[in-house]
Each structure stands twice: as C-alpha cells, then as structure tokens.
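K.L.:
My questions are about this predicted structure, shown below with the sequence.
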Amino acid sequence: MLVNRLLLFVTALCLGRLLQSAHLPIPFLLGGLLTAVACKTLAQRVSVSWPKQWREYALMVAGYGIGSVFTADTWRSFLDELSGVVEATVVILAASMALAWAASRISHENLKSCIMGMLPGGMTLSMLMAEEDKEINPNAVMVMQVIRLLGVVITVPFLVIWLLDAQVVGSSVALPNRGGVHWLVFVPLVILGSFVAVKTHLPTPRLLGPILATAAFAVYADGVQPVPFWLMAPAQVSIGLFMGMQLDAGRIAKTKGVVPLVLVGTALLIVVSIGMANVLSERYGFSLITAFLAMAPGGIAEMSLAGMSMGENVSIILTYQLVRVLVINICVPPLLGWMFPHKEVAG
C-alpha cells in the first residue's frame, strides 16, 4: 500500500509540474486531483487510498499560505463591504436551496439529502450530518458534494481564463517573498490555530485555524514570509489526491439518478456566481475575476490558491468564501430543524 501511495504521489507531482509549465492555475492541486480520479476510474483493481491525516497536514500548510497574504486593509475592506458579503451569501444559498428542491422532485431523493448535497462549501458539515441523521442518504450526499466540488475546482479556474481573459501571472505554489517574519513561524502558528479551531468546533479546523492564526499574526507583525515551493507543492498534491479519491464508482452506481442533476445544478450555480460577481465588481471596484472566484461554489483553499496564481485579491476571495462557510455551518442545522420539525436533525 505504501509503495502504491508513493507511486501515486510521484505521478501527481510530475503531472502538476507539467500543468505548471503550461501556465495553468493551481497546477499541483489539479495534478493530484486528476491523478486520483484517473486511478479510481482506470485502475480500479489497484488497491490505493490517500489517508485523511495526510490531507489534514497539507491543509495546515495551505492555510498558512492563504493567511500569509492578509494585511490590515483586509479587515477594513470587510467592514466596508459587509452588505455585499451578506448579499452574496444569501443569493448563493438561496440558489442552492432552489436547485436542491428541483433535484428532489425530479430524482425522488428526499429533500433533506438533496439540500445537504447541494450546499456550496458545506462538504464537512454535510458528511457529518449524513452520518448522524438516519433520514439523510449518505451515498447521495457524498456523490453530490464530491461531484460539485470537483466540477467547480476543475472548471472555474479555466472559465476565468477563457471567458474573462485572466492571466496566470504568478504561482499559487511559489508566492513572492515580500519579507517579514521567517516562514518557519508557520509551525507554531498552524499548530496553535488548528488546536483552537478544533476545540471551538470550527468547520474544517485544520484549514480555517491556520488561516485565521496566520492572518492575525501577519497583520500584527506586518508580514510573514511564504512557505517555500518544496513544501507548498506537495501539500497541494496531497489535497488534490484526497479530493479525487472521494470519487467512488460504487456510490455513483447507487445514486446514478442524481448525477446528471448535480452536474446541471453545479453549472447553474456557476452561472448565478457570475451574475452576482458582476454586481459586486461594479459596486466595489475590484476585478470581475476576483469577484467570480469569491462567489464560486467551491472550496476556500482551492479558490484562494487559484486567485494567488492569477494575481487577484486573495483577501477578498477568502473573505467571501469564509463567511459563506461559517454561515452554512452555523445556520443550516437550525434551519433544517425548522424545515423538518418532526424529524431529528443532528447538530
């Protein structure tokens, strides 16, 4: 098993290097994702998996990388744009709820499962509730969430290049070194941030904890150095490999009726995101590319890393994505309790 994992990792790293030479965004994350998907679909007889713990360590590195771009202006921008952040969150959540209702009516899957499956950015919460609530179909939720996330992570970076003329001007792997505290400070920061996030039950604590701890320290210390290429590239590969390994042929076969609906729903969420991105861009003056990545129904790490590689305003992207994830994790459980009053919902 260890040899298979090593071969998988080396293959993903080589593919990531190839994608990087082609000037594609988030090359090593995509390299890991595509390698895992190819392995799961083309080499099903090969016994290989990617440990969740390895992904957790990689998220901590990525969290430091994302948090290190924060400045004092980030907090001021958040307060100035608070109404836009709230509006964007409500729009994307309302759209996902409407699509979940339509998917439930067409596929005859129960509505609660479809809601959990279509939540943009609520994969961790969705899977926890699917495990604890007997009225939720865990197979449907897993398939819907994985397909949504893979679809967004693969398509959104390319859409902003092809449709919005974005340019890969930098790298989400080797970030520019603008000085500041040495990057080894990431060790205590990610450990402390992860510990506090776990204890306070933050969603995706191994990512959000390091992001918040690093951002706070970066503002206090007036900057921190980014982690080097040789650490960030393997971290992205590890995140991509774990994501791709979630695609399970057996689960898809059991819920094949919802697969085309999820694909259509994801495409419609992306369209809604583009529309809202235009509104935000006009209102606040940041680029349409930044606004689109901020609105996209994908993951915090993936969209932020894509923004880094395109030289976009990562603090804006992170703010909108972070608020949406927090709102989903805080508000969805009581909302489902209100929507399904006679059914027990695990909080």
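P.N.:
Now that the structure is in, tell me what you want to look at.

K.L.:
is it true that Ile317 touches Leu305?
P.N.:
No - applying Cβ atoms under 8 Å, one finds Ile317 not in contact with Leu305, separated by 9.6 Å. Heads up, the C-betas are built off the backbone N, CA and C, glycines and all.

K.L.:
So for the host helix or strand of Arg17, what gets flagged as buried?
P.N.:
Here Arg17, judged by DSSP states H and E, is contained in helix 2-21. Neighbour counts using 16 or more other Cβ atoms under 10 Å place Leu8, Phe9, Thr11, Ala12, Leu13, Leu15, Gly16, Leu19, Gln20 of helix 2-21 among the buried residues.

K.L.:
which strands and helices sit next to that helix?
P.N.:
helix 27-42, helix 229-245 (3 or more Cβ pairs under 8 Å, 6 or more residues apart in numbering; DSSP states H and E).

K.L.:
Run through this protein and note the low-pLDDT ranges.
P.N.:
For the chain, applying pLDDT under 70 flags the ranges 25, 43-46, 121-125, 127-132, 166-179, 203, 342-347.

K.L.:
The residue positioned nearest the centre of it - nearest residue in space that isn't next to it in sequence?
P.N.:
The centre of the chain sits closest to Gly299, judged by Cα atoms, centre = their mean, with a distance of 1.2 Å. Here the nearest residue to Gly299 in space, its sequence neighbours aside, is Leu149; by Cβ to Cβ, 6 or more residues apart in numbering that works out to 6.2 Å.

K.L.:
my guess is that neighbour meets Ala296, correct?
P.N.:
No - with contact defined as Cβ under 8 Å, Leu149 does not reach Ala296; the gap is 10.8 Å.

K.L.:
Which of these two has more residues huddled nearby?
P.N.:
Neighbours were counted for Leu149 and for Ala296 using other Cβ atoms under 10 Å; Ala296 has more, 29 against 21.

K.L.:
Find the residue closest to the more buried one in space, skipping its chain neighbours.
P.N.:
Going by Cβ to Cβ, 6+ apart, Ala296 has Val156 as its nearest residue, at 4.7 Å.

K.L.:
Kindly provide the distance from the one you found to Ser83.
P.N.:
The span separating Val156 from Ser83 equals 25 Å under the rule Cβ to Cβ, to the nearest Å.

K.L.:
More neighbours: which of these two?
P.N.:
Set side by side, Val156 and Ser83 show unequal neighbour counts under other Cβ under 10 Å, the larger going to Val156 at 23 against 9.

K.L.:
Which helix or strand contains that one?
P.N.:
Counting by DSSP H and E, the secondary-structure element that holds Val156 is helix 138-162.

K.L.:
now the angle from that helix to helix 229-245?
P.N.:
Relative orientation of helix 138-162 with respect to helix 229-245: 130 degrees, computed using axes from the mean of the first three to the mean of the last three Cα atoms, to 10 degrees.

K.L.:
Does the following helix or strand past helix 138-162 pack against any helices or strands, and if so which?
P.N.:
Counting by DSSP H and E, the next helix or strand C-terminal to helix 138-162 is helix 186-199. Under the contact criterion of 3+ Cβ pairs under 8 Å, 6+ apart, helix 186-199 touches helix 52-67, helix 205-221.

K.L.:
now the angle between helix 52-67 and the longest one, please.
P.N.:
Put simply, helix 205-221 runs at 30 degrees to helix 52-67, going by the same axes, to 10 degrees.

K.L.:
In helix 205-221, which residues are buried?
P.N.:
If you call a residue buried by 16+ other Cβ under 10 Å, then helix 205-221 has these buried ones: 205-215, 217-219.

K.L.:
Between these, which sits nearest Trp50?
P.N.:
In terms of Cβ to Cβ, no member of those lies closer to Trp50 than Arg206, at 15.0 Å.

K.L.:
Distance check, the closest one against Leu268.
P.N.:
Noted for Arg206: a distance of 31 Å to Leu268, by Cβ to Cβ.

K.L.:
Please apply the same query to Val141.
P.N.:
According to Cβ to Cβ, Val141 and Leu268 sit 19 Å apart.
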